[in-house]
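1. test case, fold it:
(chains A and B)
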Amino acid sequence: MIYRRTSSPSLWEEMDKLQREMNRMFDSAFTNRLIDRPINSHDFPAMNVWTKADAGQVITAEIPGMNVDDLDIKVVGETLTISGSRQAPVDDENIRYHRQERGYGSFTRTIQLPFAIEVDKVEANYEKGVLKIWLPRAESDKPRKITVKAI
Amino acid sequence: MTEQLSNPETQKQEIVEQEQTERTRESRMYVPRVDIYESDDAIHILADIPGADENSIDITLEKNVLTIDAEVQAEKPQDYSLMYAEYGIGGFRRKFNLSNEIDQEKIVAEVKDGVLKLVLPKSEKVTQKISVKAAKE
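-> Numbers count the residues shown, from 1 in each chain, chains lettered A, B, ... in the order given. As a prediction, the model looks like this:
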């Protein structure tokens, strides 16, 4: 098959289009990889993010068996850091392990929030091994509504 | 000869336990991660079951099979919608075969902060062993 180009502008258009397609392909490949990547120690704990327009976000994480005193939550500007450590398993000469699947040790995770936080109003609770953090959006950061006046 | 040796059928395979029945409720089920250790007088099981509490955990023992079944209510913050998820919410189930050396009457279970702790005391009576003798010609 022979492609015949009658004018050069259409060739550039074609190149442009191809480039856009390639960009999109790489973009989607990259995002997919971010979602599917295996969880390593930096990604503990796994988080779910809940959002409500203008009100803010709620972040939940499953961290069973934590001592509340060992949990540390920090909010600086628009970053949230959760760190803590899970107790090491019982270690005794008289016991013998058959299985050890539960993880232990210390962890830290930092996430970037999409908006500024009302730091004084951040609340967190830990119940049944699930950590829940309420992050209200800063009043100054909320979108301003502009009314249209009729003249 | 070499063909016979490389036949995969001769390889030992581990038993894969399969769920025989289907659940009627449509929700996800996960396998809880466990630690199992044995002390002089008991076997201890620790299982991670975040989101479950003492009212939603069902532990049954039937014919030496111990089943841990934990229902987890999907608690969703009111008026908020899930924007990004790294973990799924669902119940937990896992089965273990217990040996006869466990005193099944005295099993103790407690749950705290999403971790279930089971203590399975060993029974006093020792199972009788049958020794195998080499047969004489």
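
2. enumerate the residues of chain B near chain A.
-> B:33-40, B:43-44, B:46, B:48-53, B:75-77, B:79-87, B:89, B:112-115 (Cβ under 8 Å from any Cβ of the partner chain). From N, CA and C alone the C-beta is placed, and that goes for glycine too.

3. any residues touching the helix or strand harbouring residue B:44, and which ones?
-> Using DSSP states H and E, residue B:44 falls within strand B:42-48. With Cβ atoms under 8 Å, 6 or more residues apart in numbering or on different chains as the contact definition, strand B:42-48 has outside contacts at A:64-65, A:89-90, A:95, A:98, A:102, A:129, B:32-38, B:68, B:92, B:94, B:96, B:102, B:114-122.

4. check which residues of stretch B:130-137 are buried.
-> Buried positions in stretch B:130-137, judged by neighbour count with 16 or more other Cβ atoms under 10 Å in any protein chain shown: none.

5. I meant stretch A:110-118, not that one.
-> A:113, A:115, A:117-118.

6. count of neighbours near the residue nearest to residue B:106 when sequence neighbours are not counted?
-> Closest residue to residue B:106 apart from its sequence neighbours, by Cβ to Cβ, 6 or more residues apart in numbering or on different chains: residue B:121 at 4.7 Å. By other Cβ atoms under 10 Å in any protein chain shown, the residues close to residue B:121 number 17.

7. quickly list what residue B:121 is bridged to.
-> residue B:42 (DSSP bridges).

8. neighbours of the residue of chain A found nearest chain B, how many?
-> In chain A, the residue that lies nearest chain B is residue A:129 (1.8 Å; Cβ to the nearest Cβ). A count of neighbours around residue A:129, defined by other Cβ under 10 Å, yields 22.

9. can you show me the strands along chain A?
-> For chain A, applying DSSP state E gives strands covering A:47-52, A:56-62, A:72-76, A:79-86, A:96-100, A:105-112, A:123-127, A:130-136.

10. does the fourth one come close to chain B?
-> No. On the criterion Cβ under 8 Å from any Cβ, strand A:79-86 is out of touch with chain B, staying 9.9 Å away.

11. how near is residue B:59 to residue B:90?
-> Going from residue B:59 to residue B:90 by Cβ to Cβ, to the nearest Å gives 18 Å.

12. what does residue B:115 give?
-> Distance, residue B:115 to residue B:90, by Cβ to Cβ: 17 Å.

13. who has more neighbours, the two?
-> It is residue B:115, of residue B:115 and residue B:90, that has more neighbours when counted by other Cβ under 10 Å, with 22 against 15.

14. which phi and psi does that one have?
-> Residue B:115 adopts backbone torsions of phi -120, psi 120, taken as degrees, to the nearest 10.

15. identify the bridge partners of the residue lying closest to residue B:82 once chain neighbours are set aside.
-> Leaving aside its sequence neighbours, residue B:82 sits nearest to residue A:50 (Cβ to Cβ, 6+ apart; 5.6 Å). Going by DSSP bridges, residue A:50 is paired in beta bridges with residue A:58, residue B:82.

16. is it true that residue A:50 touches residue B:83?
-> Yes. Taking Cβ atoms under 8 Å as the definition, residue A:50 is a contact partner of residue B:83 at 6.5 Å.

17. spell out which residues are contacts of both of these two.
-> With Cβ under 8 Å, 6+ apart as the test, residue A:50 and residue B:83 both reach residue A:57.

18. contacting residues around the residue of chain B found nearest chain A?
-> Nearest to chain A in chain B, going by Cβ to the nearest Cβ, is residue B:114, at a distance of 1.8 Å. Neighbouring residues of residue B:114 by Cβ under 8 Å, 6+ apart: A:62, A:64-65, A:128-130, B:48-52.

19. how about the strands of chain B, start to end?
-> B:29-30, B:34-38, B:42-48, B:57-62, B:65-70, B:81-85, B:91-97, B:108-112, B:115-121.

20. rewinding a little: tell me which of the strands of chain A is the most buried.
-> strand A:56-62 (a mean of 22; mean count of other Cβ atoms under 10 Å in any protein chain shown).

21. picking that back up, what pLDDT is listed against the closest residue to the residue of chain B closest to chain A other than its chain neighbours?
-> Nearest non-adjacent residue to residue B:114, counting by Cβ to Cβ, 6+ apart: residue A:129, 1.8 Å away. pLDDT recorded at residue A:129 is 90.

22. any idea which residue sits dead centre in chain A?
-> For chain A, residue A:111 is the residue whose C-alpha lies nearest the centre (Cα atoms, centre = their mean; 5.6 Å).
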